[in-house]
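1. Got a sequence here, can you build the structure:
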Amino acid sequence: MQLPDLPQGAHLLIVRLSAIGDVIQSTTLAKNLKRLRPDCHITWLASPPAAELLEENPCIDRLLVWDRHPFDEASAHGRLSKVISLLREARSLLRQYDYDIALDIQCLFLTGILTRLSGARRCIGIKERHEGNRFFMTEVAPAIPAPHKIRHYMTSLLPLGFRWADFRPGTCIRLREEERQWAQDFLQQQGLQTNNSAAPLLLVAIRTTWEDKHPAPEVFARALAPLPESVQMVFVGAKSDVPHIEVCRTLIPQKTHSLAGKLTLRELSALMEKATLLLCCDSGPLYIAEAVGLATLSLWGPTHPSIYGPLTAGHRFLLTTSECAACCKTKCRLGTNACMKAIEPQRITEALCECLRAAVP
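-> Residues are numbered from 1 along each chain as shown. Okay, here's the model as predicted:
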């Protein structure tokens, strides 16, 4: 399959700065590009911390890292000179290389500026609701009725001759062998077993960056407490998650472990390769798990897997029964978090047991 509007050996820039889950899902774009046109050269502009998950990716020829956080802070406080200085740094970083085409699949006002600063001859955006981005594009991909975000990212290839029949789902995180060995050694040091069908390793991520996308710690505790003692439970997450995780752990009679705040994203990815199952909500760990091939059970309320969930096999979704669901709002409009409260602990327990049976040979 040849993309007719993509020159032989074309140099492409993909602009997707953040967030963790979105960046990982966006790797589908690079993966399909390299499969269809292995001769193309792909540069990716990303921001920490998500950028580290793109290291060693076989579909990315060059990774450029530009930290957007100082820019966001300067913008929020009206520091215009700092904003201009940071954009000049970004321009210098990008202009070290020449690009035939730039694909802006984040479609923010900021990413529009960065895409145009790259000097690419063609700047292709996708149809999103962010104001001002189109101003910086030379063309915008057509809208499609399919709701999933990955399919929207893939529309950026339509102006290049991409056909939907050529699309293959699948994301990618490539780990180094030393990282895999570190994970094995680390788990052993923690007294945890791997590849033991009698003692499955269950990772649990109870928090997200959206306050209303997860149930209370007590709900997780009530769901996890009935599991057999043979299940090795390990909580993961950010340092800010630790107080909530400790509330959950104190309500579980079995022995549990917590690695929250102790791992880099790549270390978490390596540990996920050794695990049996991940329990989580719609958050970054879900997409890391998909990329490394770990089975998941995820809980959904204000968002929906038909828009954001993994497209590959091995992932089960527990959807809220509340009528107030899939609003895609970062804060509950009613202030009740009713959608997540409608997911009962017993449902989670039953689904966990089924998933563990399916995952363990």
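
2. ranges for the strands of the stretch 1-150 of the chain?
-> Assigned by DSSP state E, counting those that start in this stretch, the strands in the stretch 1-150 of the chain fall at 11-15, 41-46, 62-65, 101-104, 122-125, 139-140.

3. Most tightly packed of those?
-> Counting by mean count of other Cβ atoms under 10 Å, strand 101-104 has the highest mean neighbour count of the strands of the stretch 1-150 of the chain, with a mean of 28. (Each C-beta comes from the backbone N, C-alpha and C, glycine too.)

4. Which residues outside that one are in contact with it?
-> Strand 101-104 is contacted from outside by 6, 10-15, 29, 111-112, 114-115, 118, 120-126, 133, 136-137, 156-157, 160, using Cβ atoms under 8 Å, 6 or more residues apart in numbering.

5. Assumed Val234 was part of a helix.
-> No - going by DSSP: H, G, I helix; E, B strand; the rest coil, the assignment for Val234 is strand, not a helix.

6. For it, report the pLDDT, please.
-> pLDDT recorded at Val234 is 98.

7. I'd like the numbering to begin with 74 instead of 1 from here.
-> All set: I'll call the first residue 74, so the last point we hit is now Val307.

8. how about the strands of the stretch 74-223 of the chain, which one is nearest Pro418?
-> Comparison of the strands of the stretch 74-223 of the chain against Pro418 by Cβ to Cβ identifies strand 114-119 as nearest, at 37.3 Å.

9. does Ser331 have beta-bridge partners, and which?
-> Ser331 forms beta bridges with Phe308, as assigned by DSSP bridges.

10. can I get the strands of the stretch 74-223 of the chain in TSV with mean pLDDT?
-> Shown next, in TSV, are the strands of the stretch 74-223 of the chain (pLDDT from 0 to 100):
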stretch	mean pLDDT
strand 84-88	98
strand 114-119	98
strand 135-138	98
strand 174-177	98
strand 195-198	97
strand 212-213	94
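
11. TSV please, covering those strands and showing distance to Thr323.
-> Listed next are the strands of the stretch 74-223 of the chain as TSV, based on distance: least, Cβ to Cβ, whole Å:
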stretch	distance to Thr323
strand 84-88	44
strand 114-119	38
strand 135-138	39
strand 174-177	46
strand 195-198	48
strand 212-213	52
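
12. To Trp283, which of those lies closest?
-> Shortest distance between Trp283 and these, using Cβ to Cβ, is found for strand 114-119: 21.3 Å.

13. Going along the chain, name the helices of the stretch 274-423 of the chain.
-> Ranges of helices in the stretch 274-423 of the chain, per DSSP state H, counting those that start in this stretch, are 290-297, 315-323, 338-347, 357-365, 378-381, 411-414, 418-432.

14. Check the stretch 124-273 of the chain too.
-> Under DSSP H, counting those that start in this stretch, the stretch 124-273 of the chain gives helices at 142-149, 153-167, 182-190, 222-227, 250-262.

15. now those as TSV including distance to Ala431?
-> Formatted as TSV, those follow (distance: least, Cβ to Cβ, whole Å):
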stretch	distance to Ala431
helix 142-149	40
helix 153-167	46
helix 182-190	39
helix 222-227	24
helix 250-262	22
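
16. got a markdown table for the ones you listed, with mean neighbour count too?
-> Output for these, formatted as a markdown table (neighbours: other Cβ atoms under 10 Å):
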| stretch | mean neighbour count |
| --- | --- |
| helix 142-149 | 15 |
| helix 153-167 | 15 |
| helix 182-190 | 21 |
| helix 222-227 | 21 |
| helix 250-262 | 14 |
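
17. would you turn those into JSON lines with distance to Leu372 and mean pLDDT?
-> Listed next are these as JSON lines, based on distance: least, Cβ to Cβ, whole Å; pLDDT from 0 to 100:
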{"stretch": "helix 142-149", "distance to Leu372": "29", "mean pLDDT": "97"}
{"stretch": "helix 153-167", "distance to Leu372": "37", "mean pLDDT": "98"}
{"stretch": "helix 182-190", "distance to Leu372": "30", "mean pLDDT": "97"}
{"stretch": "helix 222-227", "distance to Leu372": "19", "mean pLDDT": "94"}
{"stretch": "helix 250-262", "distance to Leu372": "25", "mean pLDDT": "95"}
